[in-house]
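A.B. asks: mind folding the following:
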Amino acid sequence: MPGMFRGASGRAARLASVALALSAPRIGLAQPDREVQWWKGTFETQGVTIDFVVVFRPTADAGGYTATIDIPAQGAKDLALTDVSLAAAEIRFALTPPNAPPSARAVFELKRGADGTTATGNLKQYGMTFPTRMEHITEDEAKAVGPLRPQTPEPPFPYTQREVTYENPVDHTKLAGTLTVPVGAGPHPVVILITGSGAEDRDETIFGHKPFLVLADHLTRHGVAVLRVDDRGVGGSSGSTYDSTSKDFANDVIAGIKFLQKQPEIDGRRIGLVGHSEGGLIAPLVASKSKDVACIVLLAGPGLPGARILNMQLEALLRAGGMPANKIEPQSRAQRALIECIVSDADAQAVRQAARNLLESEAAAAGKSAELADKLESAADGVAKGVGTPWMRSFLKLDPREVLPKVKCPVLALAGALDLQVPPKENLAEIEQALKAGGNTNVTAKELPGLNHLFQEAQTGLPDEYVTIAQTIAPAALDEITAWLRARFKLEP
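C.D. replies: Numbering: from 1, shown residues only. Okay, the predicted model is just below:
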């Protein structure tokens, strides 16, 4: 369930789709190869094809291997694998995301085919099972992996950038990021980019897209400095996203503000915040506490409590996927019951039973009750653990309508008309109403036609489009954000 804002399929394994040709010299069972081997794997979850590349390297031990996994579409490289076995009859390995719940551990178990060049089996994670296939490839083919992402900026850049680190003094979390600064005499206005839900890197990488890199590049080219930061437990930042709360994330942003105020090329009186998805909840939290925030931009930000958002998201995704209303309501009702258990701090047994009921309703709607039977208990454990993290509990309970009236700085709230994860009409209306109820008259709320939750030009808004769309952010959205910020910061037209 982590990553709810980013797609119904979630980011369970944080893997993403890649493109790769499959033509390679083959290795047979009779002649095992003790050299480095490259294998490409694929599985599908909720309509999204997930591809990955595993590199096996022989050890000094007879038959032993170490292995790493590359996920080019996700921006991940050389992630260490454990419990590695590359034998004549089977392939096994596990990936444990750092600082994630134990249920996030992804276990791959496959049987090799008769020729030794292919393998079929399963990926198990969060109590769920995904059919998986792997095939031996060449090193050159592995290098060619990667979807088309034409908006990803490439050096040289017409601005300066530097790696930075600073500390959240409240709990001593180390935060690492990149500061990009326009050319010319400063000091320059600046914005801090705040990521969506789940453990995100500084570029908010998803399916090979790097939305925050694209946005930072566009803003910096137009005179606005940008600080983008790895979430807790990601990249160069310490701590754990899932063991933290919205209050912790807000304190991280405040630490970023204090850091920027000490930088000579930055104008400490012109610091803005840009939050995407859950980041659109954190930005108002910070602005309600800090007088140092000059303005905020909310991109697909929530205007309703997390508990309501999650239920709206489920219903919107199922409707868009073509599920009839009589099959949606039982799932929605079961999800509401599970959420209520979390919000009311029910005991572990009640949470687990509610998780079991939700899984059963989902399976019944899909006609897969028999398939779930022998996996129900482990799947229920995985769901219960996922919803029980401090992060999830704080998100479900926090109501933006209690925070937004305290925000007095200028606000731009944007949403894609095809957003199925934070439905735009209901949330934009709540954001605007809450801000104005607090006396804030400098509010602009806009619904951008044809755009999804990631602000891509889309057809349906379903998460399975995220990976297939080459565009990272629609130019219309980039221009809207940039023009508004330049006006707030009083930059020359």
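A.B. asks: show the model's pLDDT score for Gly208.
C.D. replies: As predicted, Gly208 sits at a pLDDT of 85.
A.B. asks: thinking it is in contact with Pro147, fair?
C.D. replies: Yes. Gly208 is within contact range of Pro147, at 4.6 Å (criterion: Cβ atoms under 8 Å). Using the backbone N, CA and C atoms, a C-beta is placed for each residue, glycine as well.
A.B. asks: out of these two, which sits in the busier spot?
C.D. replies: Legend: neighbour count by other Cβ atoms under 10 Å for Gly208 and Pro147, higher for Gly208 (24 against 18).
A.B. asks: mind checking how far the more buried one is from Ile71?
C.D. replies: Using Cβ to Cβ, to the nearest Å, Gly208 is found at 9 Å from Ile71.
A.B. asks: and what of Pro324?
C.D. replies: 36 Å.
A.B. asks: can you check Ser288 too?
C.D. replies: Between Ser288 and Ile71 the computed distance is 37 Å (Cβ to Cβ).
A.B. asks: neighbour count winner among those two?
C.D. replies: Between Ser288 and Ile71, counted using other Cβ under 10 Å, the more crowded position is Ile71 (24 against 18).
A.B. asks: let me know the pLDDT of the more buried one.
C.D. replies: In this model, Ile71 carries a pLDDT of 75.
A.B. asks: wait, what's in contact with the nearest residue to Ser103 once chain neighbours are set aside?
C.D. replies: Leaving aside its chain neighbours, Ser103 sits nearest to Gly382 (4.0 Å; criterion: Cβ to Cβ, 6 or more residues apart in numbering). Applying Cβ atoms under 8 Å, 6 or more residues apart in numbering to Gly382 gives the contacts Ser103, Gln125, Tyr126, Gly127, Met128.
A.B. asks: what about the nearest residue to Pro153 once chain neighbours are set aside, which helix or strand?
C.D. replies: Nearest non-adjacent residue to Pro153, counting by Cβ to Cβ, 6+ apart: Asp217, 4.1 Å away. Following DSSP states H and E, one finds Asp217 within helix 211-221.
A.B. asks: other SSEs contacting that helix?
C.D. replies: Counting by 3 or more Cβ pairs under 8 Å, 6 or more residues apart in numbering; DSSP states H and E, the packing neighbours recorded for helix 211-221 are strand 173-182, strand 188-194, strand 225-229, strand 266-276, helix 475-488.
A.B. asks: ok, back up a step: neighbours of the residue nearest to Pro153, how many?
C.D. replies: As a burial measure, Asp217 scores 22 neighbours (other Cβ under 10 Å).
A.B. asks: same check on the one 5 residues further on?
C.D. replies: Residues near His222, counting by other Cβ under 10 Å, number 16.
A.B. asks: what domains does the record give for the chain?
C.D. replies: With domains defined by automatic domain parsing, the chain comprises 18-143, 159-305+398-488, 306-394.
A.B. asks: start to end distance for the longest one?
C.D. replies: Spelled out, it's domain 159-305+398-488. Using Cα to Cα, to the nearest Å, one end of domain 159-305+398-488 lies 21 Å from the other.
A.B. asks: next one: the shortest one
C.D. replies: One end of domain 306-394 sits 9 Å from the other (Cα to Cα).
A.B. asks: same question, stretch 459-469
C.D. replies: Terminal residues of stretch 459-469 are spaced 10 Å apart (Cα to Cα).
A.B. asks: tell me the mean pLDDT over it?
C.D. replies: Average pLDDT, stretch 459-469: 91.
A.B. asks: stretch 183-191 now?
C.D. replies: On average, stretch 183-191 scores 94.
A.B. asks: name the residues of it that come out as buried.
C.D. replies: Neighbour-count burial for stretch 183-191 flags His188, Pro189, Val190, Val191 (criterion: 16 or more other Cβ atoms under 10 Å).
A.B. asks: which one of those is nearest Lys77?
C.D. replies: Of all those, Lys77 sits closest to Val191, with 28.2 Å by Cβ to Cβ.
A.B. asks: my read: that closest one touches His222, true?
C.D. replies: No. Counting by Cβ under 8 Å, Val191 does not reach His222; the two are 11.5 Å apart.
A.B. asks: for stretch 50-68, buried residues please.
C.D. replies: Ile50, Asp51, Phe52, Val53, Val54, Val55, Phe56, Pro58, Tyr65, Ala67, Thr68.
A.B. asks: just flag the most distant two among those.
C.D. replies: Ile50 and Pro58 (27.0 Å).
A.B. asks: hmm, back to that, just curious, which of the contacts of Gly382 is nearest to Glu447?
C.D. replies: Relative to Glu447, and with distances defined as Cβ to Cβ, the nearest of these is Tyr126, at 33.5 Å.
A.B. asks: for Ala445, see how far away the closest residue to the closest one other than its chain neighbours is.
C.D. replies: Excluding the flanking residues, the one nearest Tyr126 by Cβ to Cβ, 6+ apart is Gly382, at 4.0 Å. Separation of Gly382 from Ala445 (Cβ to Cβ) stands at 38 Å.
A.B. asks: same deal with Thr468?
C.D. replies: Distance from Thr468 to Ala445, by Cβ to Cβ: 29 Å.
A.B. asks: of these two, which one has the most company?
C.D. replies: Ala445 (21 against 14).
A.B. asks: what helix or strand does that one sit in?
C.D. replies: Per DSSP H and E: Ala445 is located in strand 443-448.
A.B. asks: what angle do helix 475-488 and that strand make with each other?
C.D. replies: Counting by axes from the mean of the first three to the mean of the last three Cα atoms, to 10 degrees, strand 443-448 lies at 170 degrees to helix 475-488.
A.B. asks: show me what strand 443-448 is packed against.
C.D. replies: Identification of packing neighbours for strand 443-448 by 3+ Cβ pairs under 8 Å, 6+ apart yields strand 411-416, helix 424-437, helix 475-488.
A.B. asks: 6 Å instead, please
C.D. replies: Under the contact criterion of 3 or more Cβ pairs under 6 Å, 6 or more residues apart in numbering; DSSP states H and E, strand 443-448 touches strand 411-416, helix 424-437.
A.B. asks: endpoints of stretch 311-327, how far apart?
C.D. replies: Stretch 311-327: ends 15 Å apart by Cα to Cα.
A.B. asks: other residues contacting that stretch?
C.D. replies: For stretch 311-327, the external contacting residues (Cβ atoms under 6 Å, 6 or more residues apart in numbering) are Ala8, Ile328, Ser332, Gln335, Arg336, Ala365, Leu420, Gln421, Pro423, Thr460, Leu462.
A.B. asks: need the winner for burial among the helices and strands packed on strand 443-448.
C.D. replies: Burial of the helices and strands packed on strand 443-448 is given as mean neighbour count (mean count of other Cβ atoms under 10 Å); strand 411-416 ranks first at a mean of 25.
A.B. asks: which regions of the chain sit below the pLDDT cut-off?
C.D. replies: In the predicted model of the chain, residues 1-34, 46-48, 73-75, 99-101 satisfy pLDDT under 70.
A.B. asks: try it again with 50
C.D. replies: 1-32 (pLDDT under 50).
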